[in-house]
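# Quick one, what's the 3D model for this:
(one chain, ligands or ions: 1)
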Amino acid sequence: MLAASVEYVNRLTPGYAGGAAFDGPADEARAVAESLAAIGYPRPSVRTEDARRLTELAGRMRIVFEAAHSGELDRAADEVNALLVDTRARPQLDRRADGWSLHFHGPDDGLVNGWAAGCAAGLALALGTGLAGRLGVCAAPYCDRVFVDVSRNGQRRFCSPQCQSRVKAAAHRARQG
Ligand SMILES: [Zn+2]
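Next comes the predicted model:
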C-alpha cells in the first residue's frame with residue numbers, strides 16, 4: 001500500500017521530477033492507470049472523475065511524505081488521520097483464493113476509495129510503528145519525488161538510480177573543476 005502511495009504522489013502531484021519541472025500529468029486517468037500498472041494491478045481504463053479525486057488525495061499524501069521527511073510528525077499524523085476519516089478506512093479480512101488477506105477499504109472497495117483507504121492505512125502503519133523516518137523526499141536538485149526507504153541501513157536519499165547518478169556526476173564534475 002505504501003508502494004501505491006509512492007506511485008500516486010510521484011505521478012499525480014506537480015513539482016519537480018528528475019531535474020526538471022513537472023506540471024502534473026497531462027492525462028490524470030492515464031497516470032492513475034500507470035500507477036496501478038507499476039505496482040502490478042494493471043487497469044485498462046480509469047474514469048475521469050475517479051482520477052480527479054485520486055489526484056486530490058495524492059496531494060494530501062504528499063503532505064504526509066514531506067512532513068514525515070522533515071521530522072514534522074504531528075503534521076504528518078494530522079494529515080493521515082484526516083485521510084483515514086475521509087476515505088473511511090477500516091481493517092477487514094477478505095477471503096482470497098490463497099487465504100485471508102487484510103484490506104482497509106471499508107464499505108466501498110471501488111477504485112478511488114479502495115486504494116485511497118489502503119494508502120491512508122499504509123501511511124498510518126508507517127507513522128505508528130516508528131517507520132516515519134522511512135518516508136522520504138528525493139535529495140537531488142530539482143526533484144521532489146517521494147520514496148519509501150526499505151534499505152537495511154535506512155540511508156536512502158534519492159527517488160531513483162537516475163537521480164543518484166545525476167548527483168554523483170555533478171559532484172564528480174565539481175571535483176574536476
Ligand atoms: Zn529524484
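
# CA atoms for contacts and neighbours, from now on please.
Noted.

# Mind giving me the packing neighbours of the longest helix that the chain contains?
Ordering each helix of the chain by length in residues (DSSP state H) puts helix 48-69 first. For helix 48-69, the packing partners by 3 or more Cα pairs under 8 Å, 6 or more residues apart in numbering; DSSP states H and E come out as helix 2-12, helix 28-38, helix 73-86, helix 111-128, strand 135-137.

# Kindly report the residues of this structure close to the ion.
Contacts of the chain with the ion, taken as Cα under 5 Å from the ion, map to 18, 138, 143, 159, 163.

# list the contacts for the fourth one?
Put plainly, it is residue 159. With Cα atoms under 8 Å, 6 or more residues apart in numbering as the criterion, the residues that contact residue 159 are 137-139, 145-147.

# Identify, from these, the entry nearest to residue 92.
Nearest to residue 92 among the contacts of residue 159, counting by Cα to Cα, is residue 147 at 26.7 Å.

# that's a strand at that closest one, yeah?
Yes - checked against DSSP: H, G, I helix; E, B strand; the rest coil, residue 147 lies within a strand.

# what's the neighbour count on it?
Residue 147 has 24 neighbouring residues, counting by other Cα atoms under 10 Å.

# shouldn't it be in contact with residue 139?
No - between residue 147 and residue 139 no contact is recorded; they are 10.8 Å apart, counting by Cα atoms under 8 Å.

# what touches both of those two?
Among the neighbours of residue 147, those also in contact with residue 139 (Cα under 8 Å, 6+ apart) are 158-159.

# Isn't residue 13 up against residue 24?
Yes - proximity of residue 13 to residue 24 meets the contact threshold set by Cα under 8 Å, at 5.4 Å.

# between these two, who's got more neighbours?
residue 13 (22 against 18).

# show me the contacts for the more buried one.
23-25, 55, 58-59, 62.

# What separation is there between it and the ion?
Distance of residue 13 to the ion, given as Cα to the ion, to the nearest Å: 14 Å.

# Check residue 11 too.
Counting by Cα to the ion, the gap from residue 11 to the ion is 13 Å.

# Appreciated, that's everything.
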